[in-house]
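Engineer: Sequence first, then the predicted structure, then my questions.
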Amino acid sequence: MFDFLVFIGRFQPFHIGHAKVLKQALAQSAEVIVLIGSARQPRNTRNPFSFAERKAMILASLSPDEAARVHCQPLNDCLYNDALWVKSVQEAVQVVVQQQNSTKQAKIGLIGHQKDQSSYYLKLFPQWQSVDVDNHFALSATPLRDNYLLGAMPNNELLPLGTQQFLAEFMANEQYQHLQAEALFIQQYKQAWDKAPYPPVFVTVDAVVVQAGHILLVERKARPGKGLFALPGGFVDQGETLIAACIRELREETRLKVPEPVLHGSLKAQQVFDEPNRSARGRTITHAFKFELNPDSGLPKVKGGDDAKSAFWLPLSQLEPEQLFEDHYHIINAMTGV
C-alpha cells in the first residue's frame with residue numbers, strides 16, 4: 001500500500017480510461033496526487049479545457065469520500081527542458097506530501113501506462129516505484145476531443161457522467177464556437193494535403209527580438225491562434241535561406257526599420273524547435289533566430305502588417321503562457337532564459 005500515488009495526464013477530456021486508472025490508484029494508495037498537465041496553455045484545439053474545468057471533471061467522477069483523497073494540482077508544460085519539468089513535478093508532489101504527511105517518510109509511486117512515445121516521462125522518476133496499468137478500453141482522448149470540436153458529442157459510454165454534463169454545457173458557450181471554428185480551419189488545412197505522396201513536414205522561422213528587457217511580439221490576425229500573441233515569423237519560401245526568411249517575415253509583420261546589416265550584427269543565437277505536436281497544422285519544424293538590439297537606443301517603432309493585427313514591445317516580465325501561440329512561450333524561455 002502506498003501513501004501517495006502520482007497520476008500525470010492532460011485529461012483533454014477526462015474519460016472512462018482515466019477514471020479506471022484513478023480508481024486503481026485509490027485502491028492501492030491512501031492518497032492520490034493528480035497532476036493536470038498543460039495547465040497554463042491558451043485554449044486551442046489540443047488544449048480546449050482549463051485546469052479548473054478538468055479538475056471539476058475528475059472530481060465529479062468520484063464519491064465524496066474518494067474525492068477527499070484526491071489532490072489535483074496544476075502542472076505547466078516545460079517544452080525543450082525536461083529537467084525543469086521533472087523539477088516542477090517533484091515540487092508539486094512535495095507540496096501535497098508536506099501538507100498531508102509531514103511526520104514520516106512517505107511511500108510514493110507513479111501510476112500510468114505506456115500509451116506511446118509521449119509516455120516516456122514515466123521513466124524520469126526512478127525514486128518512485130512504477131505502477132504499470134493497462135490501457136483500459138484502448139481509449140485515447142485525442143479522437144474524442146477532435147470529433148467533439150467538430151460537433152459530434154462523444155459516446156456517453158466512454159465518459160463519466162460529470163464529463164458528459166460538462167461537455168454538453170460547454171458546447172453551448174461562445175468559447176466552444178471559437179474552438180469549433182478553429183477545428184474546422186485545421187481540418188480544411190490538412191485536407192489540402194490529403195493527396196500528397198507522404199505527410200508534409202513544414203519549415204518555418206521565428207524572430208526572437210529583444211531590447212532593453214522587452215521582446216517584440218505580434219497579435220495574430222487570422223486562424224489558427226487568432227488573437228493570440230506570437231513571435232514574428234512564418235513559412236520559408238522556395239529559394240530562400242532561413243535567415244533571409246526570418247528577416248523578411250520580421251519586416252513584413254512588424255515594419256521594423258532597423259537596417260538589415262544591423263540585424264545581422266545583432267544576431268546572437270539560433271535554435272531548432274521540433275516538438276512533434278507543437279503545431280495543430282501538422283508536423284512543423286521552426287528555426288528561431290535571436291536578435292539583441294542595442295539597449296542604449298529607444299525601442300524602435302513597430303506596426304502590424306501582413307498576418308499581424310498589431311506589433312508591440314512587451315516587457316519580458318509580463319510574459320504569460322496563456323497569451324502565446326503554439327510553443328512560442330517556450331521558445332522565448334529557451335532563447336532568453338526568462
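Structural biologist: Received the coordinates, thanks. If you're wondering where the values come from, they're calculated on a predicted model, not measured in any experiment.

Engineer: which residue ranges form the strands in the chain?
Structural biologist: Per DSSP state E, the chain carries strands over the ranges 2-9, 29-36, 70-74, 108-112, 129-132, 202-211, 214-220, 229-230, 233-235, 267-273, 284-292, 308-315.

Engineer: If the nearest residue to G233 once chain neighbours are set aside is in a bridge, with which residues?
Structural biologist: Of all residues not flanking G233 in the chain, D206 sits nearest, at 3.6 Å (CB to CB, 6 or more residues apart in numbering). Where you see a C-beta, it was placed from the backbone N, CA and C, and this is true even at glycine. Counting by DSSP bridges, D206 forms beta bridges with G233, A288.

Engineer: Tell me how far D206 lies from I186.
Structural biologist: 20 Å (CB to CB, to the nearest Å).

Engineer: Who has more neighbours out of these two?
Structural biologist: Higher neighbour count among D206 and I186: D206, with 25 against 22, using other CB atoms under 10 Å.

Engineer: Just the pLDDT at that one, thanks.
Structural biologist: D206 is assigned a pLDDT of 98 by the prediction.

Engineer: Tell me who's in contact with it.
Structural biologist: 231-233, 246, 273, 286-289, 328, 331 (CB atoms under 8 Å, 6 or more residues apart in numbering).

Engineer: and the gap between it and D307?
Structural biologist: In terms of CB to CB, D206 sits 13 Å off from D307.

Engineer: Name the residues that touch stretch 188-205?
Structural biologist: Contacts of stretch 188-205 (CB under 8 Å, 6+ apart): 233-236, 242, 245-246, 249, 279, 281-289.

Engineer: Could you give the separation of that stretch from the chain centroid?
Structural biologist: Distance of stretch 188-205 from the chain centroid (CA atoms, centre = their mean, to the nearest Å) equals 22 Å.

Engineer: residues in contact with K55?
Structural biologist: Residues counted as contacts of K55 (CB under 8 Å, 6+ apart) are 36, 72.

Engineer: Next one, pLDDT for it please.
Structural biologist: On pLDDT, K55 comes in at 98.

Engineer: my read: N333 touches N81, true?
Structural biologist: Yes. Look at N333 against N81 with CB atoms under 8 Å: they come within range, at 7.4 Å.

Engineer: Between those two, tell me which one has more neighbours.
Structural biologist: Set N333 next to N81 and count neighbours by other CB under 10 Å: N333 wins out with 19 against 14.
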